[in-house]
Every structure is written in structure tokens, then in C-alpha cells.
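Fold the following and give me the result.
(2 chains)
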Number of protein chains: 2
Amino acid sequence: MSKKKVSATAASQTIAITVSPDITDGARRAVIDAVLPSVDHGRFPVKCVVGEKLRVTAHCFTDGHDVLRANLCWRAEGEAEFREVPMTPLVNDVWEAFITPPSLGRYGYTVAAWVDPFESWRHELTRRVDPEDVRIALQVGALEIAEAAKRADGTDRKALARWAKQLDALARDPDAQVATLKALALDEEQTTLARRYPDRRHEVRFATELPLDAERERARFSTWYELFPRSTSPTPGVHGTFRDVERRLPAIAAMGFDVLYFPPIHPVGRVQRKGPNNALTHGPDDVGSPWAIGAEEGGHKSILPALGTPEDFRHLRDEAAKHGIELALDIAFQCAPDHPYVKAHPEWFRWRPDGTVQYAENPPKKYQDIYPFNFESEDWRGLWSELRSVIEHWIGEGVRIFRVDNPHTKAFPFWEWCIGEIRRQHPEVIFLAEAFTRPKVMHRLAKGGFSQSYTYFTWRNTKAELVEYFTELSTAPGIDYFRPNVWPNTPDILHEQLQGGEISVYQTRLVLAATLAANYGIYGPAYELREHKPREPGSEEYRDSEKYQLRHWNHDDPESLAPFIARVNRIRRENPALQWDRTLRFLPIENDQLLAYAKASEDGRNVIVTVVNLDPHNVQSGWVNLAPKSLGLETHEAFEMHDLLSGQRFMWQGDWHYVQLDPHRVPAHIFAVRRRDAGSRDFDYFL
Amino acid sequence: MSKKKVSATAASQTIAITVSPDITDGARRAVIDAVLPSVDHGRFPVKCVVGEKLRVTAHCFTDGHDVLRANLCWRAEGEAEFREVPMTPLVNDVWEAFITPPSLGRYGYTVAAWVDPFESWRHELTRRVDPEDVRIALQVGALEIAEAAKRADGTDRKALARWAKQLDALARDPDAQVATLKALALDEEQTTLARRYPDRRHEVRFATELPLDAERERARFSTWYELFPRSTSPTPGVHGTFRDVERRLPAIAAMGFDVLYFPPIHPVGRVQRKGPNNALTHGPDDVGSPWAIGAEEGGHKSILPALGTPEDFRHLRDEAAKHGIELALDIAFQCAPDHPYVKAHPEWFRWRPDGTVQYAENPPKKYQDIYPFNFESEDWRGLWSELRSVIEHWIGEGVRIFRVDNPHTKAFPFWEWCIGEIRRQHPEVIFLAEAFTRPKVMHRLAKGGFSQSYTYFTWRNTKAELVEYFTELSTAPGIDYFRPNVWPNTPDILHEQLQGGEISVYQTRLVLAATLAANYGIYGPAYELREHKPREPGSEEYRDSEKYQLRHWNHDDPESLAPFIARVNRIRRENPALQWDRTLRFLPIENDQLLAYAKASEDGRNVIVTVVNLDPHNVQSGWVNLAPKSLGLETHEAFEMHDLLSGQRFMWQGDWHYVQLDPHRVPAHIFAVRRRDAGSRDFDYFL
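A predicted model of the protein is given here:
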């Protein structure tokens, strides 16, 4: 096959289409296949979190019945040498080992395997019974061990040489019994020593070094609260400020949120500014959409004066930190027609013959107040580096979490490059992709580097939909790179289910989000105050949406869900099981209105079982299957189910258990599973 | 990440672990993912057959809502340029196209995609209604089309330039109506012309060129008959010859076999020669095991004198060809202790301190009469090329099919290299891997180049086992590289099920093999004459096995299955549906003793439904599900089921159909499904 390049990386592949692989050492008999996890065969990094155990498996075997040894080899970016971890054979030629990344950043891993002469000899010897065979075997072993001695130093070298001599001598002793011969040859202590000096001359390495990104824990476990700073003034009709937001911090912290996310805080364009409810015209006092970024006061690196000064922003950032809350900003790479970029860099936009720019769209949404960037600009390099500098600016202001607006309407190569560049300097930065689009597009963004991704959760409402979708989200291949961040509502999505305003529905959707996914968030105060009027029937838009006008919220509403949310979020914080997506397992339950699932912590000690009533109006009951065996108990053993929502405790025994949920009280159980002997004392979870 | 190589191909992968991909053109916005089929991301070739349609799919998309175009690019080995086939978008960003390899050999394929400005403009225009928008759109289009004109020549160039001018002029005509404007802009004829000159400046190519091997049809569809030439003499106790085999050809051809496979035909070693029933001692007249290859008369390139001369072999080969039968030889790379190689190349064997060589084993089998080669020999290069020359020798003698004995006890890199080398010169050569071992080992051999592979069929007997195993064998990823060749018996395997000798069992297992797999074979005459005595109870070895002694067969046995086998094989020849593995689909049938499945030809016109009674003793009946809709018929339409075994015809209507099978008559139906209107006339299959 012609070696003519197909692309930068294609050249390497010609090895696959040339007829014979080029062999440097034909005596390399080990075979390594299917090293997992692997995202597109190493084209993209696998994701994990610092300190977390990443399980790596591979198929390793060789011809005949010789014995293999295999090591998992891994290194941090920039390290020349690999660290090696011995792999353990499981069934059917599958081997496993674990990596625990010690710090943030990029890692690479691969697998090395070799046919081990010493192990093969030992395995062979155990099968031998004929005295003559055994004597010969001992002589063969003596030679192997003498070789191992040469690879060792000091006392090890002496010890191995001595063992080799003893074996050879004993093999030639006519009086020695088979038992004696084998005893010396299979001696555990000497064997352990010999294993330290394997013969790896014919070692094989898996051809691909697979990339791995270790992020901080908040990439895997976070609880988001979105609000519009301009709607935080205690005085109706007055534009809110960062100082007003500071006053909200205690309440937000009390609800248990650890990420506070703001829509864009930049100057809002005046040209084509939108009026209330997405009107195409606006009045003098209309504030417009914060996503129509840029005006004469500045663009993506500036702050809307009405919100405050950069100093005010830093003060807010520090106050939030005191409450254990991190600020997240909105990265919306687009411009109002009067954004300074439009004059300064006309080459970044696509101009039409009539001297206009076609406004942005994300069908069916039309953004008449926004110009999109032209990612096919001749000056794409200039555009890319300016956009990167926007993120760097806010990193300079102490922001480490960014929610990216419609990333799927910007070029994919840009994101892969930009996130890579940022993470090389700041591996602690977290990016959330707000892409509500087609599955493969969303997955590609996650592969390209986004730490978290919005999902279809809002539109998954029935038991069947939830089981199917969250099974997909919690299993390979997605689980290796796509981290769901699920939202019951957003400023763009008031789902039909919420438009009835029933408390039970708001509670149900919150519990589902908070217990099905380790990352979730709500758009408040709209959520806890159950704002539920659509702009018009059949619309998912909020009426009088904050996207286009100031709103004033009554935080003293006695029906506020704040206390309920606080309780659920505390349960998340106190139970590691809810801080993982990988361990989700749905439980059989004989009622289509009841959904039940279990989650366990990485070490398996913390087990949470959630049961939710999806029917907002009626009491539902049914039998849920939770087998003691699946909890490491004897079939007959009883165990305690402690409902962390209601505080009630139940004793369960056997495989099937009766549950009943009344939506008018609490539509869910969030059970901590406890050993009986632990009684009501401290947690004592299952191993 | 350090660029230090992990291995020859790892270097390419450092692009994955360096932080930012190196970007040459940031304006390349198309994304291509998941090009399938692909065996280990192109490390190994996908398998197909010349003239067969290979379906290739890929995920192609871009940011925003611009329109893509994608081409499947493929070329034969050695060609510098790719042929391009436009791909068609299906649902969810999956695109498809087909490759039909015109000739034998290695091919490569990949995918190219680009954001197409013309298509994007056209798509955009269809959505526009505002007259001003449409006028602007026309001017934009005029510019695009003017560019297309520059890429065209001659009349096309003129035509496109004219169209561009017309659009621009009309756009500026104040009297032109929207309908008129859009009519000219969306004109089909002009559009077709413009599409021939797309703007591919920002084209993206999938980084991997995937390899594909096109073999001849017999690699996919073959019917094998194995016999021991030395047992073909009409006179009991006399050593058979190639001439005797020639006398058997008409009968073998009459049974419908197209591959005649012989165990090794080389001189048999005398040292450690085995006696009858695997005895460790032999008498003066014992012939030994033909797999103990080599004696003073010669080795792997010689013929056992008792069988005949090279001339006799060629004569047999030509006679077989006249009957449409191809000879297949056994490649067993191992030596009797007195094989000439042992003296000439002691460096190819592993000598023990006592000057002996450990005999070969394939646990639990012991081959005391065989020395294995040492694939870790310092002279592996010399060993490899000598072994390749053995295959080349027999290719020189006109052999094109090789059944390889225990390939899994020889080094994997050797096979990949050797088969690759052979196929480069002789792409028509077919290799069958006789590896009864662990799944991943068998699959790796198939990936490494073997055209066909032995399977676990012999040990899959219950309905559940057969459904599970053949579903695996007929679906991805295995179906892309692993071609099963299934055998109800071999000289090594007389399955317990056969040891009862019941005709119905022999019929059932034959029908299953012949209709479940496109490649199958039997070891005869043991099979058609129902040889069924085990060496001892619980053993899968034949008593008085031909492996160690001459046998004489009574071909005139009135109970011979020869006529039944002939009928089944004729049905295979006449029905393309049975010549494919990919289209297998099991049908629901409410009886655990009844197995039902459908197969269709590549074009879907030939449909065969097989129903088998797995109970050798009792009549079994049940209802099988075959929905008219699945056959492209209306729900109410009746269709004819023509049992090609019994000749009976049935009319079926609706989804569920009653079947009853008596093992004492015929334990299976092999139905051709026919349109009613075809009546009993010529075949007229379903589309």
C-alpha cells in the first residue's frame, strides 16, 4: 500500500495496510490486545479524578502453554520513564491493574507483557512426576536462575547463584527423592527473589500509549446553583449588584450548593437589544439579554457597570469561597452588533454583500441581537488566541469553573485546542458544555476536553426513559469520558412537567437529579420558588424570563423548597455513594410509577438506595428487589434501611421488600443501607 | 508528555497525549468519528470477498447547522490515489457508503468530509421567506457559484458563471418576486452541476486508513471433506494411495463437497512412533501418526512413498479439479525426532541439559513422537523463512487451501508475517486455523490473517448454547474478521452426542453445521458411516483411530448418510442464503427442543428458514414466529414454505406457524420461502 499520507496521523497507520508488520524481534511471543479504558483508541483522553482508582484491563496471552507476566506502565506528562504495576490475570486471558493519579494533569498508560522463562519453568515443573523429568527440569531451572543471578546485584545475586548451584547438585544426586527435588525447586522464598529479576528480553509493548486526564474531585461531584445577579436586589425594579449577590450567599450555602454560576456578566449590547419576553424591540429601561455580549463599555473581559467593579467581583469571589462556594462564569463566544470586536476585527465575522452579518441561530431559536464568529475566518489563529485570552483573563480573576454556552455552534478543533492549552497551565480548570443537541455531537465535545456535559435529563421523565438513559450514562464507553451534569430546569427550559407547579413534581425531579447524577444543578430562585408560568401554552420558555428583564424574588415564601433542597444536598455531601456515577444499578420494582436504584462508594462501604414515586398525584406502592447477597450478607440476614429524608428506619429481610410513597408527603426514600448490628449508632456501611 | 517511543507505532500516538493536537488549518470544521467496520482501529484487516458489497459507516457532523458532504475513499494496495464514493446521511449523524472490491488482495479505506458552502447556502435559502433575506442570499449564492465556476472547465465553467450572473442580476431586480428568486436559486439542473465542483479547501480526513482483505468466495462459502488417504485402499490392510483416493472422488463430489482435506501426507517418523490407539510402542507394520512429520525419506516438502509420487499427487489434484474439488493440505509445523531438520538445524529446537528435546504437548494431549520448534531460537529468521518455503512448495504443487494444525502453539507474529507474505504473492490462498483453544487466542489468529477458523460448534448442543454462540459468530465485531468453519466431528473429536450412533443425531448435527455456517466440514467416512465407538468411556477419541492405524471402510453400507449429505449440500449450493453468515437471525419458537432460524442472501431475494428437532428420540412440535412483514409481505398475505429436504410444500399465513418434526423420519425442515404467486414453478424469493 502506498505510504502516501492521508493525514498527519495516517502515516503511522500504513503499518496496518502494508502486508507484513515490520518485525524487529521474532522471539517476542507475547500478545497484548484490548487495553481498556480507551477513548477512540487513544485519540482522546480517558477522564478520572486525582486519588481515584482507575481500573485498566487488557487481553494478554501467548502461544502454547508458557506463562506470561504483564505490567501496567504509566507516567505523568513530561516524565520519560514509566512506573510499572504488575497486572493480575483474571479469567479468559483478561488481566487487570490499577492507576491512582497522584496529582492533576495528563498521564499516559500502556501495557508490557513477556513470556517469562522462570514462571514457565516453574509451572511446567509442578506438572512433572517422572523422576527423570524432574531431574532434567531442575538442571534447566538451575540455568534460568543462574541467568537471573546475573541480572541481580549484591546479596540477591549471591543468593540466586547459590540456589542455582544447589538445584544443579541435587539434580545429579542419585539418592534425592522427587519430593526433595521439587521442594527445593518450588521454594517460595527463593522464588519470590527470582521473580524480582525477570528475563524481559523478548518483552512486547502495546503499541498505543493511552492518554488519561486527572481532574479535581469537583469535576466528578458538584452541586450547581444558577442565578441572574441583576435580579438579586432586595428592592423591586432595581438592578442587582455583586454586593446583592453576596447577601444571598448564606442562603445558597445553606441549601448546600458548591458552585454558583452566573449568566454572562459583561456589558450588554444596545443594537438590536431584545425587550421582555424576547421582543424584537426594547424600551429605554430594558436591560436586554446578557448573552448579547459587548457594547461601547467593553466586551468579554469587561463587567457590566451596573453589576459592579472588578474589585466588587473579587470581593464576591472571596466571600463565596468563605461559604465553600466557587463561582462559575458563562463563556458565550458571540457578540452584540456593537461589541468592540466587530469594529476592531471585522475579519472575524462573515459579512454579506449588503454589509450586514447574518445573526446567530440555534434552530429553532433566533438570536437577532447576536453576531456569531466566523470560525472559517482567514485569521482563525488571531480569533482562537483572543478567545483563549478571554478565559485566561477570568482565570486571572480567580475563576476556575466555566459553563460554555452552545459550544456545538463553534468549531470543534477550537475547543480541543483551547481547553488543552488552558489545562496545560491550569489543570484545575473545569469546563461544562452546554450543548443540548444530537448525541454524537455532545459526546465529541466531551471527548474534546469538556469536564462535564449537560444532558437530556430534563426530557427523560418516565421510568423506562430514565432507566435507559442513566444506564447509558453510567456504563462504558460513555462513562470513561462523558460526565453528565443534570438540570431539572434552566433559564431556557421550563419543562411541561413543571408547568403544573406541583410541589411533588419539583421534589421528585430534584431527588432524581441529585441521586442519579453526581453532578447536578438548578436554575434558581425559579426552582425553589416553583416559578412555572410558560411564555405561552406549549412553550418551554419562562414567562417574563430573566433572560430579558429584571425579576424580583420572594425568598420568604413559606412554600419554598429551600429546606428540602438543603436536606437532599446534605445527604449527597455525607454519602460518598452519591458522589459517583459509575456504580449506579437499577433495582427491579413491580410498579411502573416507582423507580428504584442503588449506588455505592468507590470502596463499597457506603450504599444508598433511592426509591422515587414518579406519579405526582397518587400514592404508589410495590415490591423492590434488593438481595442480601448483593450486599455481601447471608440470604437470611436482615439489614437496616435508614431513610435519610424522613429519618425513618426499616428492617428488611429476604429479596423483595414492600415500599409505599405518598406524593403529598414526600415522593421519595433515600435509604442508607446499614448492618443490623450497627443499629441506630454511627454509619456502618457494607463492604 | 515525553515523545519517547513506546514502540514502532506508538510514536504516532503521542499526538494523543501531547496537550494540543497540532492544527494546520483551524477552518477544518468537519468531524469524522467511528469509521466502521474496523478491526482494532485498523491494526488488522477487515475481511470480505471479491464482488461482495462492504457497508462502511461513519459519524460525520460539524458545528452549528451548516451542511456537510462526505466521501468514502478507498484504494487497492499500491495505488497512490483514492477512489471516492459519496456517502449518504442516515439518522443521527451516521453516514454510509459501499465498497465492492473488484479483485483479490489488500485494500485501504478512509472517510473525507467537508462543510460544503454551496449546500449550506442552499439549505439556508430554503428556510428564508423574508424578501430582503432572499435577495441577500441570492447575492451570497452568486459568489459561491462564481467560485465553483472557477473550479470547473469548458461548458460547465460557462454554465456556472452564467447562473451566477443571473442570480446576482435577479437579486437586484426590484420587481422580482420571492418565488421567482428562489426558483432560480434552487433550480435542480444547475444545482446538480454546481455539486460537481465542491469547495473542499477545508476538507477533513479520518486519520486512519483502514485495511481490508478481499478473498475469493470459497473463503466465505466452502464444504469440506476430510479423509486419510492411507485408508482408501479397496483391499483391507493395504496402505491406501493417491490413486485409491482418485477412485473415491466421484462419491465425494456426489456428496457435494468442494474441498478435500488430507492430514499430513509426508514421511512419518520412526523414532518414538506411536502404535494403534496412541500406544507409546509400535510394531514393525504400524504406520504411526501422520502428524509426526519427517524421517530419512524427507520432511515437510516430501510425500510418504507409500502414498505415491509427486506426479501421483499432481494427477490426483487435477482429477479432483475435474470434479470441482480443491485439495487442502495440512500444515503442521513440528517434527518427528528423525525429521531431517533436527540434524540440519539443531538451533531450531530447545535442547535440554541431557541432550534431549521436550516432546510437544497441547494439554491434556501429549505428543511423545513430536518435537516442537523453538520460536525463540536465535535463528528465528532462518526458521521463519524455511517454514514459509514449505507453504510455497505446496503452492508450487498447485495447492491453494491449507488447514493449519494447532497454530496457537506457534508464535503469533510468525503467522501474521507468514500469511501476509504468502498472500502478497498469492491472495487466492485460504488458511484455516485449527485452534481449539481460548476465545481471545482464536480471535487473534483470525485477526492475524487466517481466512477461516475452527469453532466450539462440536460442544454447542442445546438450543440455548447454539443461539448464544451463533449470534456471537454472526454479529460484529467478530463477523468482520472471524469466519467460522464448523465440524460435527474431526479425527480428534467424537463428541459424546455421536457416541450413541443414532441416525437422527448425525442428521441433526449435519443440518445444523450446513445451515448455521457457510463454511463447514466433516471427517469421513467416519461421519457418513456413523463410526461412533470411543477409545474408552468418557473419551472423545475414536477407538482404533485412523490417526494411528489403517482403516477399511464399507462404503456400500445401506445406512450410509451419503445421500442425505448430498441433498443438504445441494440445497446449500442452490441457495445463496446459506452461503452467508452475516444474515443469520433466530426465530422465536415455543419449544426448547426446537431450533428455528432464517438466513437471507446478500440481495435479500433468497430466504431459507431451517427448523431442527434437537431431541433425537421424540417427536417435537411447536409454534414458530415468522412475520409476513419481516418478509416484506402484508400482514394478511400467505406465503409458501417449500421444504427442500422432504419436498413438501406448506402455505403459511399470519405470524405464528405450527411445525412438527419426527427424528425417526427427518429431524429438520430446510424451507425455501416463496411468494404464493410463484406457486410450484421456479424459485421466486422475497425482496
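
What residues does the stretch 401-550 of chain A have near chain B?
A:408-414, A:416-417, A:420-421, A:423-424, A:438-441, A:444 (C-beta under 8 Å from any C-beta of the partner chain). In this view, the C-beta of every residue, glycine as well, is placed from N, C-alpha and C.

Could you list the low-pLDDT ranges of chain A?
A:1-22, A:677-687 (pLDDT under 70).

Name the single longest helix found in it.
Longest helix in chain A, counting residues (DSSP state H): helix A:131-151.

Show me what secondary structure element comes after that helix.
helix A:154-171 (DSSP states H and E).

picking up where we left off before, can I get the CA coordinates of the longest helix of chain A in PDB?
Extracted C-alpha coordinates of helix A:131-151, given in PDB (Å, rounded to 0.1, in the frame of the first residue of the first chain):
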ATOM      1  CA  PRO A 131      11.900 -38.600  38.500                       C
ATOM      2  CA  GLU A 132      14.000 -38.400  35.300                       C
ATOM      3  CA  ASP A 133      11.800 -35.500  34.000                       C
ATOM      4  CA  VAL A 134      12.100 -33.700  37.400                       C
ATOM      5  CA  ARG A 135      15.900 -34.100  37.400                       C
ATOM      6  CA  ILE A 136      16.200 -32.600  34.000                       C
ATOM      7  CA  ALA A 137      13.800 -29.900  34.900                       C
ATOM      8  CA  LEU A 138      16.000 -28.900  37.900                       C
ATOM      9  CA  GLN A 139      19.000 -28.600  35.700                       C
ATOM     10  CA  VAL A 140      17.000 -26.400  33.300                       C
ATOM     11  CA  GLY A 141      15.900 -24.300  36.200                       C
ATOM     12  CA  ALA A 142      19.400 -24.000  37.500                       C
ATOM     13  CA  LEU A 143      20.400 -22.400  34.200                       C
ATOM     14  CA  GLU A 144      17.500 -20.000  34.300                       C
ATOM     15  CA  ILE A 145      18.200 -19.000  37.900                       C
ATOM     16  CA  ALA A 146      21.900 -18.500  37.200                       C
ATOM     17  CA  GLU A 147      20.800 -16.100  34.500                       C
ATOM     18  CA  ALA A 148      18.600 -14.300  37.000                       C
ATOM     19  CA  ALA A 149      21.600 -14.100  39.300                       C
ATOM     20  CA  LYS A 150      23.500 -12.200  36.600                       C
ATOM     21  CA  ARG A 151      20.700  -9.600  36.400                       C
END
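
For the stretch 1-150 of chain A, which segments count as strands?
Secondary structure of the stretch 1-150 of chain A by DSSP state E, counting those that start in this stretch: the strands cover A:31-36, A:46-49, A:54-61, A:68-76, A:83-86, A:88-89, A:94-99, A:105-115.

In the sheet, which strands lie alongside the third one, parallel or antiparallel?
Yep, that's strand A:54-61 we're talking about. Using DSSP bridges, strand A:54-61 pairs in its sheet with strand A:31-36 (antiparallel), strand A:94-99 (antiparallel).

Which residue comes closest to the residue nearest the centre of chain A once chain neighbours are left out?
Closest to where the C-alpha atoms of chain A average out (C-alpha atoms, centre = their mean) is A:Arg483, at 3.5 Å. Closest residue in space to A:Arg483, ignoring its immediate chain neighbours: A:Gln452 at 4.7 Å, by C-beta to C-beta, 6 or more residues apart in numbering or on different chains.

wouldn't the one you found be in contact with A:Tyr481 here?
No: between A:Gln452 and A:Tyr481 there is no contact under C-beta atoms under 8 Å: 11.2 Å.

Look at those two and report which has more neighbours.
A:Gln452 (29 against 22; other C-beta atoms under 10 Å in any protein chain shown).

how about the residues of the stretch 101-250 of chain A near chain B?
Going by C-beta under 8 Å from any C-beta, the residues of the stretch 101-250 of chain A near chain B are A:106, A:108, A:110, A:115, A:136, A:139-140, A:143, A:202, A:205-211.

now, the most widely separated pair of these?
With C-beta to C-beta as the measure, no two of these lie farther apart than A:Arg106 and A:Ile136, at 51.4 Å.

can you pick the most crowded of the residues of the stretch 101-250 of chain A next to chain B?
Busiest of those [other C-beta under 10 Å] is A:Glu209, holding 29 neighbours.

ok, that residue to A:Tyr107 distance?
10 Å (C-beta to C-beta, to the nearest Å).

Which positions within stretch A:645-656 qualify as buried?
By neighbour count on 16 or more other C-beta atoms under 10 Å in any protein chain shown, the buried set for stretch A:645-656 is A:645, A:652.

Show residues contacting it.
A:567-568, A:571, A:623-628, A:635-643, A:666, A:668-671, A:676, A:680 (C-beta atoms under 8 Å, 6 or more residues apart in numbering or on different chains).

ok, back up a step: mark which of the residues of the stretch 401-550 of chain A next to chain B are buried, thanks.
Buried among these (16+ other C-beta under 10 Å): A:408-414, A:416-417, A:420-421, A:423, A:440-441, A:444.

which two of the residues you listed lie the greatest distance from each other?
A:Glu421 and A:Lys440 (24.8 Å).

So which residues of the stretch 501-650 of chain A form helices?
A:503-516, A:562-574 (DSSP state H, counting those that start in this stretch).

most packed of those helices?
helix A:503-516 (a mean of 24; mean count of other C-beta atoms under 10 Å in any protein chain shown).

And it, what does it pack against?
Under the contact definition 3 or more C-beta pairs under 8 Å, 6 or more residues apart in numbering or on different chains; DSSP states H and E, helix A:503-516 sits against helix A:463-473, strand A:519-523, helix A:562-574, strand A:594-600, strand A:607-613, strand A:668-675.

For the shortest one, name the packing helices and strands.
Yep, that's strand A:519-523 we're talking about. By 3+ C-beta pairs under 8 Å, 6+ apart, strand A:519-523 packs against strand A:222-226, strand A:484-486, helix A:503-516.

Each with direction, which strands does the second one pair with?
By that I understand strand A:484-486. With DSSP bridges as the test, strand A:484-486 pairs up with strand A:452-454 (parallel), strand A:519-523 (parallel).

Between strand A:519-523 and the host helix or strand of A:Arg403, find me the angle.
Taking DSSP H and E as the definition, one finds A:Arg403 inside strand A:401-405. Strand A:401-405 runs at 70 degrees relative to strand A:519-523, counting by axes from the mean of the first three to the mean of the last three C-alpha atoms, to 10 degrees.
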